[in-house]
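Undergrad: Dropping a prediction and its sequence here:
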Amino acid sequence: MLQSGNIRQSEECLTSNLQDVGVMRLARSSSASSEEESPTMVLPTSGSSRLKYISLGVLVLQTASLVLTMRYSRTLKEEGPRYLASSAVVSAEALKIFTCVCLVFRENNFSLWALNQLLKEEIVNKPMETMKLAVPAGIYTLQNNLLYVALSNLDAATYQVTYQLKILTTALFSVSMLGKRLGFYQWLSLLLLMAGVILVQWPTGSEGDSEQKVLSASSRFVGVMAVLVACVSSGFGGVYFEKILKETKQSVWVRNIQLGAFSIVLGFIGMMVYDGEQVSQSGMFQGYNSITCTVVVLQAMGGLVIAVVIKYADNILKGFATSLSIILSTLVSYFLLMDFQPTGVFFFGAVMVIAATFLYSYERQPASSSAIKL
């Protein structure tokens with residue numbers, strides 16, 4: 001059972017991870033014509049650049065909407081059993097696969113024969129390519145379970161501080177695995193972003209203190225180790241998936257079908273392990289209503305949006321988009337759901353996140369020491 005002080009933070013973090021299977025590639029541009037090192041804003045110069053920022057904007061809105069809808073759905077008081085989160089995950093994966101199949105069908109001029117041939121050629125006849133997607137699917141399944149362990153063994157403050165290390169692990173894996181070059185401003189903005197998110201999600205009131213008193217040293221150790229492994233798996237899994245997408249010519253929709261096939265199997269196993277008794281008693285779709293269906297649709301939509309973000313942006317920028325969505329969902333929650341009272345710490349953290357977002361858009365003009373590469 002999750003502790004009360006962790007509910008708001010856990011919903012936002014778990015929402016991000018349940019739909020998060022994609023990472024993206026940073027499109028950097030630098031001018032070699034100037035010898036002076038002066039900060040310049042990197043502006044979109046092509047249709048793909050515009051689509052990058054559009055997809056990131058849609059991701060912010062989609063993630064914020066999902067957090068708010070999920071929170072609202074879990075607070076509704078209705079007769080009968082509440083819907084199972086594990087069931088919603090499986091349903092969202094099924095819907096995402098169906099949607100991707102429809103998109104591939106459309107790309108093949110609505111020809112069933114062409115669709116069948118393509119899926120057979122890309123999935124069945126290339127088992128090694130398909131098996132590559134088992135790695136990120138397994139990693140994210142492990143990650144989600146680790147987050148539940150961490151939330152059960154840490155107070156909200158410790159959890160939020162340690163979990164934001166995923167921002168740095170993502171950057172480190174992007175540099176080491178993909179050969180990205182991040183300048184001083186980029187590293188500084190990542191540190192600023194991490195600090196800002198910590199402040200934005202810092203627990204209010206005395207709940208955190210009261211929780212911390214009842215946690216044993218062994219529980220805290222288990223919780224910290226779980227969240228650290230989750231941070232590493234988050235960075236590695238995302239960058240690994242990005243590497244697969246960037247190094248092959250397969251359609252991103254076909255890759256999503258391959259990934260979804262593994263994810264739905266692992267998700268179903270997880271549902272039966274954790275909620276098998278409830279499923280056998282009341283069925284997989286117990287407690288479903290219009291709000292639940294909206295949650296499932298938004299979660300499936302998140303997978304599709306992330307696929308576009310993967311193609312035109314990168315995992316680091318996705319981290320900024322997710323951070324902005326946390327601020328947006330929290331403010332909307334205050335005005336509509338009235339279940340959160342923003343504090344000075346929250347607003348200070350929000351300013352830091354926004355400042356980090358703008359800072360990341362700046363880079364120094366070419367210089368031998370302006371980029372750090374592992």
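TA: That came through fine. Because the structure is a prediction, the values reported are computed rather than measured. Residues are numbered from 1 along each chain as shown.
Undergrad: Show me the shaky parts of the stretch 251-374 of the chain.
TA: 339, 363-374 (pLDDT under 70).
Undergrad: Mind doing that once more with 80?
TA: The model of the stretch 251-374 of the chain has pLDDT under 80 over residues 307-308, 310-312, 336-341, 361-374.
Undergrad: ok, now the stretch 101-250 of the chain?
TA: 141, 144-145, 147-148, 151-152, 154-161, 203-217, 246, 248.
Undergrad: one more time with 70, if that's ok
TA: 156, 204-215.
Undergrad: what are the ranges of the strands in this protein?
TA: Using DSSP state E, the strands found in the chain span residues 40-41, 182-183, 362-363, 371-372.
Undergrad: give me every residue that touches Met194.
TA: With contact taken as CB atoms under 8 Å, 6 or more residues apart in numbering, Met194 is in contact with 164-165, 167-168. Backbone N, C-alpha and C define where each C-beta goes, glycine included.
Undergrad: again, 10 Å this time
TA: The contact partners of Met194, taken as CB atoms under 10 Å, 6 or more residues apart in numbering, are 161, 164-168, 171, 319, 323, 352-353, 356.
Undergrad: go on, Gln281?
TA: Contacts of Gln281 by CB under 10 Å, 6+ apart are Pro81.
Undergrad: And it, how close does it get to Pro81?
TA: 8 Å (CB to CB, to the nearest Å).
Undergrad: what does Ser216 give?
TA: Separation of Ser216 from Pro81 (CB to CB) stands at 33 Å.
Undergrad: More neighbours: which of the two?
TA: A count of neighbours by other CB atoms under 10 Å puts Pro81 above the other of Ser216 and Pro81, at 12 against 9.
Undergrad: what's the neighbour count on Gly349?
TA: Gly349, neighbours per other CB under 10 Å, totals 22.
Undergrad: Pretty sure Ile327 is one of the things it touches, is it not?
TA: Yes. The pair Gly349 and Ile327 qualifies as a contact (CB atoms under 10 Å) at a distance of 8.3 Å.
Undergrad: list the residues that contact both of these two?
TA: Common neighbours of Gly349 and Ile327 are listed as 196-197, 200-201 (criterion: CB under 10 Å, 6+ apart).
Undergrad: Which one (most neighbours) among those?
TA: The shared contacts of Gly349 and Ile327, ranked by neighbours (other CB under 10 Å): first place Val197, 27 neighbours.
Undergrad: List the contacts of that residue.
TA: Contacts of Val197 by CB under 10 Å, 6+ apart are 12, 160-161, 163-164, 166-167, 319, 322-323, 326-327, 349-350, 352-353, 356.
Undergrad: between the contacts of Met194, which is nearest Ala114?
TA: Nearest to Ala114 among the contacts of Met194 is Gly319, at 37.6 Å by CB to CB.
Undergrad: Tabulate the contacts of Met194 (JSON lines), appending neighbour count and distance to Ala85.
TA: Converted to JSON lines, those look like this (neighbours: other CB atoms under 10 Å; distance: CB to CB, whole Å):
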{"residue": "Val161", "neighbour count": "17", "distance to Ala85": "25"}
{"residue": "Gln164", "neighbour count": "22", "distance to Ala85": "23"}
{"residue": "Leu165", "neighbour count": "17", "distance to Ala85": "25"}
{"residue": "Lys166", "neighbour count": "26", "distance to Ala85": "21"}
{"residue": "Ile167", "neighbour count": "24", "distance to Ala85": "25"}
{"residue": "Leu168", "neighbour count": "17", "distance to Ala85": "28"}
{"residue": "Ala171", "neighbour count": "25", "distance to Ala85": "30"}
{"residue": "Gly319", "neighbour count": "27", "distance to Ala85": "23"}
{"residue": "Ser323", "neighbour count": "28", "distance to Ala85": "23"}
{"residue": "Met352", "neighbour count": "21", "distance to Ala85": "31"}
{"residue": "Val353", "neighbour count": "21", "distance to Ala85": "27"}
{"residue": "Ala356", "neighbour count": "22", "distance to Ala85": "31"}
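Undergrad: Turn those into TSV, including distance to Gly302.
TA: Listed next are those as TSV, based on distance: CB to CB, whole Å:
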residue	distance to Gly302
Val161	26
Gln164	20
Leu165	23
Lys166	17
Ile167	19
Leu168	23
Ala171	22
Gly319	15
Ser323	16
Met352	25
Val353	20
Ala356	23
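Undergrad: Among those residues, which ones are in helices?
TA: In helices, judged by DSSP state H, the following of the contacts of Met194 are found: 161, 166-168, 171, 319, 323, 352-353, 356.
Undergrad: nearest to Pro127, of these?
TA: Nearest member of the ones in helices among the contacts of Met194 to Pro127, counting by CB to CB, is Lys166, at 31.4 Å.
Undergrad: so what's that closest one up against?
TA: Lys166 makes contacts with 13, 16-17, 143, 194, 197, 227-228, 230-235, 238, 319, 322, as judged by CB under 10 Å, 6+ apart.
Undergrad: how about 8 Å then?
TA: Lys166 sits next to 230-231, 234-235, 319 when contact means CB under 8 Å, 6+ apart.
Undergrad: ditto for Thr169
TA: So, once contact is read as CB under 8 Å, 6+ apart, Thr169 ends up touching 231-232, 234-236.
Undergrad: Please flag which of those residues sit within helices.
TA: Of those, the ones assigned to helices by DSSP H are 231-232, 234-236.
Undergrad: among the residues you listed, who's most crowded?
TA: Busiest of the ones in helices among the contacts of Thr169 [other CB under 10 Å] is Ser234, holding 28 neighbours.
Undergrad: how about the nearest residue to Cys224, chain neighbours excluded?
TA: One thing to correct before we go on: residue 224 is Val, not Cys. Distance criterion CB to CB, 6 or more residues apart in numbering; nearest residue to Val224, sequence neighbours excluded, is Thr162 at 6.1 Å.
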